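1. Next comes the sequence, and after it the predicted model I'd like to discuss.
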Amino acid sequence: MQYDFQYGWLLNLICYLPLVGALVTIFFFNRSNSRAIKWFAAVITGVDFLISIPLWFLYRTDGAEFQFATKMDWIPSVGAQYIFGVDGFSILLILLTTLLGFISVYSSFTAITDREKEYYIFLLLLQTGMLGVFMALDFILFYVFWEVMLVPMYFLIGVWGGPRRLYAAIKFFLYTLVGSLLMLVGILALYFYNAGGLAAIGLPGLGNAPTFEIPVLYEMAPMLPAGLQFWVFLAFFVGFAIKVPMFPFHTWLPDAHVEAPTAGSVILAGVLLKMGTYGFVRLSMPLLPDATVKAVGWIGVLAVIAIIYGALVAMAQKDMKKLVAYSSVSHMGFIMLGMFALNEPGLRGSILQMLNHGVSTGALFLLVGIVYERRHNRMIAEYGGLAKVMPLYATFFLIITLSSIGLPTLNGFIGEFLILIGAFNHSWVWALFAASGIVLGAAYMLWMYQRVFFGELTNDKNKELADLNLREQWTLIPLIILAFWIGLYPKPFLRMMAPTVDRVLERVAVAMPEDQSPAMELTTIAVVPDDHHEDAEE
Amino acid sequence: MSLSDFAPLIPEIFMAAAGFALLLAGVPLGRRGVRTIIGAAVASLGVTAVLVVLFARPEDGPAAILGDMLVVDQFAVYVKLLVLAFSAVALLMSASYLERAGYGGGEFSSLVLFATIGMFIMASGTNLASLYVGLELMALSVYVLVGYFKLEIKSNEGAVKYFVLGALSSGILLYGISLIYGTTGSLDLETIRLKLTAVPQDNLMLLLGLVLVAFGMLFKVAAVPFHVWTPDAYEGAPTPVTAFMSVGPKAAAFAMFLRLFVITFQPEVDTWRIILWVAAAATMIYGNVVALTQDNVKRMLAYSSIAHAGYALMGLVAASSAGLWSVLMYMLVYGFMNLGAFGVVILLESKGYAGETIDDYSGLAARHPGAAALMLWFMLALAGIPPTAGFMGKLYIFAAAMEGGYVWLTVIAVIMSAVSLYYYFRIVVQMFMKDGIDAEPAALIHDRWTEVMIAVCAVITLLVGIFPGPVVNWAKGGLQALGMG
């Protein structure tokens, strides 16, 4: 049983509520009434978060692969359907998206003072686009949301960004567009192989009914010839690797992050980067098992380069936001490494780290944004001794810093630990590099913390800085709660993703040599009992 | 031949009569009554649409008329309704433009009607002679329309360039036709197809004929390297004429192209496919890359329309049923999004040729958020970003090319699509991210007719983008008529 259609309306509601909010804002709000627009956007995203919480409780780990599903004909003549459905993995990302969506709206209240109506319209549209990506189970639908998302993000960077915003915005758009268009070519190749074949290059198809339905295409994955898998994997790889971003496709990221307004950076780091890793787990790995297994080596190399290079470049940064941006490159390399260890702890750690990165890096961007709003300066050298004037801020910053570098009891530790186990299971060389990445990560984060918060308060401009106000505290508190929750009791999160992890590894295992089966002895450390969900009956 | 044989020809006859009536009515009115005449012309286009539907009779199968010169089949009906819609939208957008520029509407609207008749014949011709006559009727009317602003030097320049090069291409086409006639002994498309199927043809004269006909057609759809007339003609022509000639004649030329090559010359597909492959790739690359450097919006849209012809040519290269209907669908999608974009350009042109440079769009979003949002929508559509119809059109074209195995052509197309985003977004950057301080922004005029037409184009691009099913089915219906359904 692949789909469970119960509560299918819920996903649609979650996805389209922000769109409706955007349309209402366009037609019913006067642009001068910025207070009402802000609060309306906050209410819409807040409600969207609240109605996405039931997904967490209603999802049954022993149930159908995709739950809360909707399935309708969309373009029958080509076999495209309107299919929404989620599993534990996508639910986690959806919750992250709705939470960060609310936080980014709420955190923009004073940061954005110009053209507010358009700003909140674009934020809401972006929300619908991102949620759709995590919900769509038809390739065309997936692609539509995947690209729809680019337009509002382009405007958020391009209109409300920093001095080089135009360059950063178009660079972001072009990079990701090239990637996604090549992915489209890959999608079409899969589609035609499943159906009539690609006549002119002499590739006969499987002769199935033409469909873009992702779960149906999963079934034919073992039958795909290795050559086709390689090319499609490459096409997908470009699309996803640019989004992640993996070395050497990462160059758009520092530009986009540094120029984007705070909320844009939060969403970019928290959610948009996860789309790449989501694509790998949802599409590349189960659809192209053979190519995935063969790609492990070189993706591992790229991931290791990203980890070390990102960390070293971060260490050299003078601008706080740039430092956080490069730390993202390093962290995302970590996620890729755990994922392509192709074993259970690695994949679990990788998925958990996607959440952790969203929480920690999202919070770091918020924190940098808070001090930037006060001083309009992000240079580390401008600060020093801030702990004296902003004690609360310093505390929050410390917690998030520690979460980012993976201190035990905080979220980063669990994810990095699992990834290390996975990497070690794959090869000790990977584990060695990954561990050195953690050490470097601790170095650049703590060094920045030291320079900004400790020492003498040398700069006079900083003497009058106000500490966090109530609104700012409340944008950070949910993320800090999450950081502690995942750090102290990750079991519910691991349980949510367990069915996805099992299924993905099962599908990849088809292509694995016998002696490398994903069930490894060390998995017991991170074991999650497959007990049934308590409230399974309805 | 009895009188009832002419029945399926009634739409064309009616439109010709209406065209002459408008021509005569324009004489006493002069520069006055532009809106009345344009209104009447659009009404007669509407009546023609009804007549086309009434005489379509899909249940009877294709009806050959005038001794197999023309055929009324689903394919022709699809193209006819399409060009009628394009002509009507272009006419409605031109009313205020003509008023402001001080030109009369009689000759203008009758020329549009005559061009539309030419397009009808191009869509339904089944004989090389009738196709050529249709093509020339369309082309001659459009030459005059390009030069309609007789006091503007640019308009004259564009018209002369277009006419000279157009005449040359017609000559090439005609020479190709004569060679084909010489080798196959017939002008009738079906007879030619049977001849080509029956005997393997390696006759050099025939090949030369095919190549020359292909060159002639490539000229008409403005494909590289036969595109040189396009930027000058598009820039010089009055903007509503540019809007019109970039969609209607192009759709009709593609219809003729499809019927000639994919159907009639199908047996020789291996000969002409390589020519079209190269032309498609060159057209996409050249059109998109050169558009990057244009500062004049009309020239930029001219290069963009060259690029779009390149995408559509991919469907011909595939030469499959999917290729055919995806081209038909693309013509619809491209037509409405391009008309919409030109509609906004028309609104910006307060007088003469102002409002044509990219700087004129500075800060448009702040002053006219609605117009800026619509222009953004059309730019997204032209770049092929979902959920606009532009994406769906491209998707089907790419899918047809992939199905045929033309993976590298598709890769070129997708990379060029990404390139195209850059120049479309130059306008977007001006509208949304510049404040209009650097340049004196052009004022937006208010004209209800044009505004409504822009809105109609936007709604169609949205609906087809989200629910392309009905249009796809309609386009596919056109194929059954050609025996390729």
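-> Cool, got the structure.
2. in what helix or strand does the residue nearest to the spatial centre of chain A lie?
-> For chain A, the residue sitting closest to the mean C-alpha position, by CA atoms, centre = their mean, is A:K274 at 2.0 Å. Assigned by DSSP states H and E, A:K274 belongs to helix A:273-279.
3. Tell me the helix or strand right after that helix.
-> According to DSSP H and E, the helix or strand after helix A:273-279 is helix A:285-287.
4. Just the buried residues of the next helix or strand after that following helix, please?
-> In the C-terminal direction, the helix or strand that comes right after helix A:285-287 (DSSP H and E) is helix A:289-315. Of the residues in helix A:289-315, those with enough neighbours to count as buried (16 or more other CB atoms under 10 Å in any protein chain shown) are A:289-296, A:299-300, A:302-311, A:313-315. All C-beta atoms are positioned from the backbone trio N, CA, C, and that covers glycine.
5. Can you classify A:G207 by secondary structure?
-> coil (DSSP: H, G, I helix; E, B strand; the rest coil).
6. For it, which residues are in contact?
-> With contact taken as CB atoms under 8 Å, 6 or more residues apart in numbering or on different chains, A:G207 is in contact with A:195-197.
7. Next: A:F49.
-> For A:F49, the contacting residues are A:95, A:98-99, A:101-102, by CB under 8 Å, 6+ apart.
8. Quick check: it vs chain B, distance?
-> Shown here: A:F49 relative to chain B, a distance of 25 Å by CB to the nearest CB, to the nearest Å.
9. what's the closest non-adjacent residue to that residue?
-> Here the nearest residue to A:F49 in space, its sequence neighbours aside, is A:T98; by CB to CB, 6 or more residues apart in numbering or on different chains that works out to 4.0 Å.
10. So for whichever helix or strand that neighbour is part of, mean pLDDT?
-> Assigning secondary structure by DSSP H and E places A:T98 in helix A:88-107. Helix A:88-107 shows a mean pLDDT of 93.
11. So whatever residue of the stretch 1-150 of chain A ends up closest to chain B: helix, strand or coil?
-> Sorted by distance to chain B under CB to the nearest CB, the residues of the stretch 1-150 of chain A start with A:V144, at 4.0 Å. Per three-state DSSP, the secondary structure class of A:V144 is helix.
12. From the contacts of A:G207, pick the one nearest chain B.
-> Each of the contacts of A:G207 was checked against chain B using CB to the nearest CB; the closest is A:G196, at 6.8 Å.
13. still on that earlier bit, just checking, what packs against the helix holding A:T98?
-> Contacting helix A:88-107 under the criterion 3 or more CB pairs under 8 Å, 6 or more residues apart in numbering or on different chains; DSSP states H and E are the following elements: helix A:8-28, helix A:34-58, helix A:116-135, helix A:262-267, helix A:273-279, helix A:344-375, helix A:470-488, helix A:491-509.
14. How about the shortest one, which residues are buried there?
-> By that I understand helix A:262-267. By 16+ other CB under 10 Å, the buried positions in helix A:262-267 come out as A:262-267.
15. Relative to chain B, which of the residues you listed is nearest.
-> Using CB to the nearest CB, A:G264 is the member of these that lies nearest chain B, at 14.4 Å.
16. Much appreciated, bye for now.
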